[in-house]
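Asks: Kindly return the folded structure for what I paste below:
(chains A and B)
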Amino acid sequence: MNGFLKSLKAAIFNVMERMFFLLPDPDGGSAEFDGREFSVTIGVTGVSPFRITLAFDPGLASAMTANALGKGYARDENTVLKCLLEAANVIAGNLLQIWDGGEDREITLPSLRRDAVFGEVNFTERRELGMWFEDRRISVLIESDSEIYE
Amino acid sequence: MAFQVLVVDDSEVMRCIVKRVLSMAGIDLGNVFEAGNGKEALTVMEKHWVDVVLTDINMPVMSGAEMLARMKSSPTLADIPVIVVSTEGRDERIEEITQAGAAGYITKPFRPEDMAKTIHKALGVDPDERFFEEPEGSDF
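Replies: Numbering: from 1, shown residues only, chains lettered A, B, ... in the order given. Below you'll find the model as predicted:
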């Protein structure tokens, strides 16, 4: 049985490894997180819709873009952001494939603005998790109604 | 023989990622053409020889499914293998698109070796066959 958080972590891992060729730090990274980040949000529809916001350390965002597209592309912030939107899209799609609760759900378009996905919704639950890839961090915010964790 | 590939996706970034993965996959590549939707793809195929098409499903203007249907009803395009590259990985969706004539299905995220295996299978090519061919005049 694949629970939600386990499936989300697996989806992030799958995308970072297969699409961006970056490996996780299972024990967490050691680099100081300076608070700067690039954020993208994507929603998942269906019974108890929810919203996932992925905040990437700028160094990680650049590494992802360089690995996926080539080093020259990582210098252009607009291209980096497009790359992160694509990452969010594939992570959410992969989540629906591996999570037991993924049936009869669809993903929304990803956005750089959180309130552009489902608008100003008051979700009843907020959970956060952090993942590290090659000493750089992704922070994940999941806004939902609690049913998705059951 | 170098293969001419057409990559169809409304995301420029994803087209770029697919092209990069193709270059890493060990496939003998000729030209790699790009199109932003099914309609643009049909126009590219009118002008250029294409050996295999890699396409997303959900795109504006013309979806991958509609492009596939039009290709199958065209005498000149019907035999070009179409491989769907999508985040949609449900069995029923894969079955549906395969029934419609797709030669293969790759679910994002994919590894270069997944891409190579699916393309070689769709083209009916054994990438290792050169190791089994007997050279002309060989005594072996």
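
Asks: Skipping its backbone neighbours, what lies nearest whatever residue of chain B ends up closest to chain A in space?
Replies: Nearest residue of chain B to chain A (CB to the nearest CB) works out as B:T87 at 2.7 Å. In short, each C-beta sits where N, CA and C put it, glycine included. Counting by CB to CB, 6 or more residues apart in numbering or on different chains, A:G93 is the residue found nearest to B:T87 once chain neighbours are left out, at 2.7 Å.

Asks: What residues does that neighbour make contact with?
Replies: The contact partners of A:G93, by CB atoms under 8 Å, 6 or more residues apart in numbering or on different chains, come to A:I107, B:S86, B:T87, B:E88, B:G89, B:K108.

Asks: surely A:S39 meets A:P58?
Replies: No. A:S39 is beyond contact range of A:P58, at 11.2 Å (criterion: CB atoms under 8 Å).

Asks: which of these two has more neighbours?
Replies: Higher neighbour count among A:S39 and A:P58: A:S39, with 17 against 14, using other CB atoms under 10 Å in any protein chain shown.

Asks: what helix or strand is that one on?
Replies: A:S39 is part of strand A:38-44, with elements assigned from DSSP states H and E.

Asks: Mind pulling up the pLDDT for the residue in chain A that chain B sits nearest to?
Replies: Closest contact between chain A and chain B, by CB to the nearest CB, is at A:G93 (2.7 Å). Per-residue pLDDT puts A:G93 at 95.

Asks: In a helix, it, correct?
Replies: Yes. According to DSSP: H, G, I helix; E, B strand; the rest coil, A:G93 belongs to a helix.

Asks: So it versus B:M62, what's the distance?
Replies: With distances taken as CB to CB, to the nearest Å, A:G93 is found 21 Å from B:M62.
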